[in-house]
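Colleague: Provided below for reference: sequence and predicted model.
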Amino acid sequence: MRGNRRYAKRILVVSGGYVLLVIVMSLLAPVIAPYDPLEINGLNTLAPPSLLNLFGTDEFGRDILSRLLYGGQPSLLVATGATILSILLGTTLGLIAGYFGGVLEQVIMRLVDTLLTFPPILLAMVVVGFLQTGVIPLIITIGILYATTFARLAYATTLQVKQNEYVIAAEALGASHFRRIRICILPNIASALIVQASLTIAAVILLESGLSFLGLGIVPPAPSWGLMVGAARGYMFQAPTYVLFPSLIVATMVLAVNAFGDALRDVLDPRSRS
């Protein structure tokens, strides 16, 4: 068990370090990007990787490396914003349903169950199709969609925790509902929510990339990882590296965040602390 925990810690450091590196490079894109991501050069279109353009250029002669660096900003912003919104909304609904029960529990959880029956990508396509495209609509739409996962998790863990003796003792001492939730329940379900948050970030990155790939996400010409993959699919045979690098960054980021979430779950698991 200890060996598994040490291995999980190594995975946590490696995957977390990679995610942090990508985030820092995206934030520092105005400083480290070699070119303007919107600068068009009609004389250097679909160029292969070279010393002047390390990752080559796209169909408009724009530097792919610069666009990848800048493209991480909206993708990561959507992932972070949508996850935070999901946590706040879903955890609140789950806590209310699990703690108070009754009619509130039935209404909230039946609504959550209904939304969970639909694939997130399908619901997102329908909702975004009726809204304006952009970062804010994506954050709101995806945040509401993934709130159901946190609501279900918070509901299940609240049902378990509220039966413990210290919650009953707090009630006997006259603690208010809000105080019991804040002091007794929320800290004891936080670890599960934190792990779920890390996994949700990976899912949101993939969903945002898919929506941008379909033209329902970030508005061009602003760079986005999914938007770049969608644009590059028409030039796969003329410039294979054009589609390779954006696809690679999406795949490795999703893999790293998922590995981070799995390792975090193992590290926080009390059964591994023998």
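Modeller: Alright, I've got the coordinates. Numbering: from 1, shown residues only.

Colleague: neighbours of residue 134, just the number please.
Modeller: By other CB atoms under 10 Å, the residues close to residue 134 number 15. C-betas here are computed from N, CA, C, even on glycine.

Colleague: So it is in contact with residue 216, correct?
Modeller: No: with contact defined as CB atoms under 8 Å, residue 134 does not count as touching residue 216 (10.4 Å).

Colleague: so where does residue 137 fall, helix or strand?
Modeller: Per DSSP states H and E: residue 137 is located in helix 135-161.

Colleague: Could you point out the helix or strand that follows that helix?
Modeller: Where DSSP H and E defines the elements, the next helix or strand beyond helix 135-161 is helix 165-172.

Colleague: Dump that next one to PDB, restricted to CA.
Modeller: C-alpha atoms of helix 165-172 as PDB (Å, rounded to 0.1, in the frame of the first residue of the first chain):
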ATOM      1  CA  GLU A 165     -22.100  11.200  15.500                       C
ATOM      2  CA  TYR A 166     -20.400  14.500  15.300                       C
ATOM      3  CA  VAL A 167     -23.200  15.900  13.000                       C
ATOM      4  CA  ILE A 168     -25.800  14.600  15.400                       C
ATOM      5  CA  ALA A 169     -23.900  16.100  18.300                       C
ATOM      6  CA  ALA A 170     -23.700  19.500  16.600                       C
ATOM      7  CA  GLU A 171     -27.500  19.300  16.100                       C
ATOM      8  CA  ALA A 172     -28.000  18.500  19.800                       C
END
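
Colleague: Contacts for that helix, please.
Modeller: 161, 179-180, 183-185 (CB atoms under 8 Å, 6 or more residues apart in numbering).

Colleague: What average pLDDT does that helix get?
Modeller: Average pLDDT, helix 165-172: 80.

Colleague: buried residues in the longest helix along the chain?
Modeller: Counting by DSSP state H, the longest helix found in the chain is helix 64-100. For helix 64-100, the buried set under the neighbour-count rule, 16 or more other CB atoms under 10 Å, comprises 64-83, 85-87, 89-99.

Colleague: Show me the helices in the chain, by range?
Modeller: Secondary structure of the chain (DSSP H): helices at 2-27, 29-32, 64-100, 102-116, 120-130, 135-161, 165-172, 177-179, 186-213, 225-232, 240-268.

Colleague: what's the least confident stretch among these?
Modeller: helix 120-130 (a mean of 76).

Colleague: Distance check, residue 50 against residue 18.
Modeller: Applying CB to CB, to the nearest Å, the value for residue 50 to residue 18 is 26 Å.

Colleague: Who has more neighbours out of the two?
Modeller: residue 18 (17 against 11).

Colleague: got a list of what the more buried one touches?
Modeller: With contact set as CB under 8 Å, 6+ apart, residue 18 has these partners: 252, 256.

Colleague: For the nearest residue to residue 232 once chain neighbours are set aside, grab the count of nearby residues.
Modeller: Spatial nearest neighbour of residue 232, chain neighbours left out: residue 243 (3.7 Å); criterion: CB to CB, 6 or more residues apart in numbering. Other residues within reach of residue 243 by the criterion other CB under 10 Å amount to 19.

Colleague: what's the distance between residue 243 and residue 149?
Modeller: Taken as CB to CB, the span from residue 243 to residue 149 is 31 Å.

Colleague: what do you get for residue 127?
Modeller: Using CB to CB, we find residue 127 at a distance of 17 Å from residue 149.

Colleague: what about these two, which has more around it?
Modeller: Taking neighbours as other CB under 10 Å, residue 127 and residue 149 compare with residue 149 leading, 22 against 17.

Colleague: Verify the stated contact: the more buried one with residue 195.
Modeller: No: Residue 149 is beyond contact range of residue 195, at 11.7 Å (criterion: CB under 8 Å).
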